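Asker: dropping a prediction and its sequence here:
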Amino acid sequence: MEGPEVDDGDNVLNMSRLGLENLSLEQVSEDRRKETHQLLLAHNRLVVLPPSVASFSGLLLLDISSNNMAYIGEEILGLTKLKTLLAKNNRLDEFSLPKELPALRLEVLNLSGNRFEEIPSQILHMQSLKSLSFGGNRLKSIPAEIDNLISLEFLYLGGNFISSIPPELANLPYLSYLVLCDNRIQSVPPQLAQVHSLRSLSLHNNLLTYLPREILSLVQLQELSLRGNPLVVRFVRDLTYTPPTLLELAGRTVKSRGIPYSPWELPENLLRYLELASKCPNPKCGGVYFDCCVRQIKFVDFCGKYRLPLMHYLCSPECSSPCSSASHSESDSEDEAHAAARRMQKVLLG
């Protein structure tokens, strides 16, 4: 068995895999404790954090991964310089962390491979976090308060039971890497396209059937993973269409024919309604719609290499744009449909 102190380099104290019976931080000299910047305690069958950890006053990184810890005590709060906490593969849950954890000013927090069913509220107040990992837990949702993490650049939530993406993710100004693979996500909110810093988006092995058209505005996106989703390869025609109301028919007539009106001629509620008109994307149509439209899915080239299924809106079932007509003829061929499916499976850049 190795000795209790294994030094892998300057300011690094590696005591991983020593075993609980040989792990003795008390034997480390006081000077050595002050000089240590990285303390590695993985694979030691720890049940609790050794109280002597608090004496490592200069610690920047603490690795307590792959132990048997069900909670992290307040001893960790004494590590006022700590920037990185790695606590993967333990038995931690949302009740396992001290309430004062935000006082640590952590930048990297990895809690993957634990038993969290929700993200603890104290973590949502850690505005210094740049990297947060909760992969392989039991999360069912992403709280809207995630947008409190204003410094976040890397968010890993793969391997959970998440069913939806909150639009509040769009409020993270520096988010560059978002991993949501191996969940139960059925749709992507169009607001996600507002994360202009996003470079990598992993959505493979979910329940996606289409992507919002706005996703094309992610000009910084370099990696996109969509494999293992039921993304459609044939176009869905006339998914839903409820006949327009008399109000909408009148509004369409006014807007499409350019009938002039002035603010003093119409009630205020009708003026607001007319301002909500959306133009039909078919250039040969020239029509508009308000609440009633036809949803279709069409494939659009992305980055010149891949074809993504995006939601497409038309003003009526009879309205067929040249783009959708060409796409229909392509999807009418089974060979082309299979070819499209193969192309979709290649949307894996990371």
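Answerer: All right, it came through fine. This one's a predicted model, so the numbers in the text were calculated from it and none came from an experiment.

Asker: contacting residues for the residue nearest to residue 60 when sequence neighbours are not counted?
Answerer: Once flanking residues are discounted, residue 60 sits nearest to residue 37: 4.6 Å by C-beta to C-beta, 6 or more residues apart in numbering. No exception for glycine: its C-beta is placed from N, CA and C like everyone else's. Residues in contact with residue 37 (C-beta atoms under 8 Å, 6 or more residues apart in numbering) are 11, 12, 58, 59, 60, 61.

Asker: got a markdown table for these, with distance to residue 185 too?
Answerer: Shown next, in a markdown table, are the contacts of residue 37 (distance: C-beta to C-beta, whole Å):
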| residue | distance to residue 185 |
| --- | --- |
| 11 | 42 |
| 12 | 39 |
| 58 | 42 |
| 59 | 37 |
| 60 | 35 |
| 61 | 32 |
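
Asker: list the buried residues of stretch 121-132.
Answerer: Under the neighbour-count criterion of 16 or more other C-beta atoms under 10 Å, stretch 121-132 has 123, 124, 126, 129, 130, 131, 132 buried.

Asker: got JSON lines for these, with distance to residue 31, pLDDT and secondary structure too?
Answerer: Formatted as JSON lines, those follow (distance: C-beta to C-beta, whole Å; pLDDT from 0 to 100; DSSP: H, G, I helix; E, B strand; the rest coil):
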{"residue": "123", "distance to residue 31": "34", "pLDDT": "97", "secondary structure": "helix"}
{"residue": "124", "distance to residue 31": "38", "pLDDT": "97", "secondary structure": "helix"}
{"residue": "126", "distance to residue 31": "31", "pLDDT": "96", "secondary structure": "coil"}
{"residue": "129", "distance to residue 31": "32", "pLDDT": "98", "secondary structure": "coil"}
{"residue": "130", "distance to residue 31": "31", "pLDDT": "97", "secondary structure": "coil"}
{"residue": "131", "distance to residue 31": "31", "pLDDT": "97", "secondary structure": "strand"}
{"residue": "132", "distance to residue 31": "34", "pLDDT": "98", "secondary structure": "strand"}
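
Asker: quick check, residue 120 in a helix?
Answerer: No. The assignment for residue 120 (DSSP: H, G, I helix; E, B strand; the rest coil) gives coil, which keeps it out of a helix.

Asker: now do it against residue 260, distance only.
Answerer: Distance, residue 120 to residue 260, by C-beta to C-beta, to the nearest Å: 59 Å.

Asker: more neighbours: which of these two?
Answerer: The residue with more neighbours, out of residue 120 and residue 260, is residue 120; 19 against 6, by other C-beta atoms under 10 Å.

Asker: do I have it right that the more buried one meets residue 99?
Answerer: No. Residue 120 sits out of contact with residue 99 when judged by C-beta atoms under 8 Å, with a separation of 9.0 Å.

Asker: now the strands for the stretch 51-200 of the chain?
Answerer: 61-63, 84-86, 108-110, 131-133, 154-156, 177-179, 200-202 (DSSP state E, counting those that start in this stretch).

Asker: ok, now which ones touch residue 102?
Answerer: Going by C-beta under 8 Å, 6+ apart, residue 102 touches 122, 123, 125, 126, 127.
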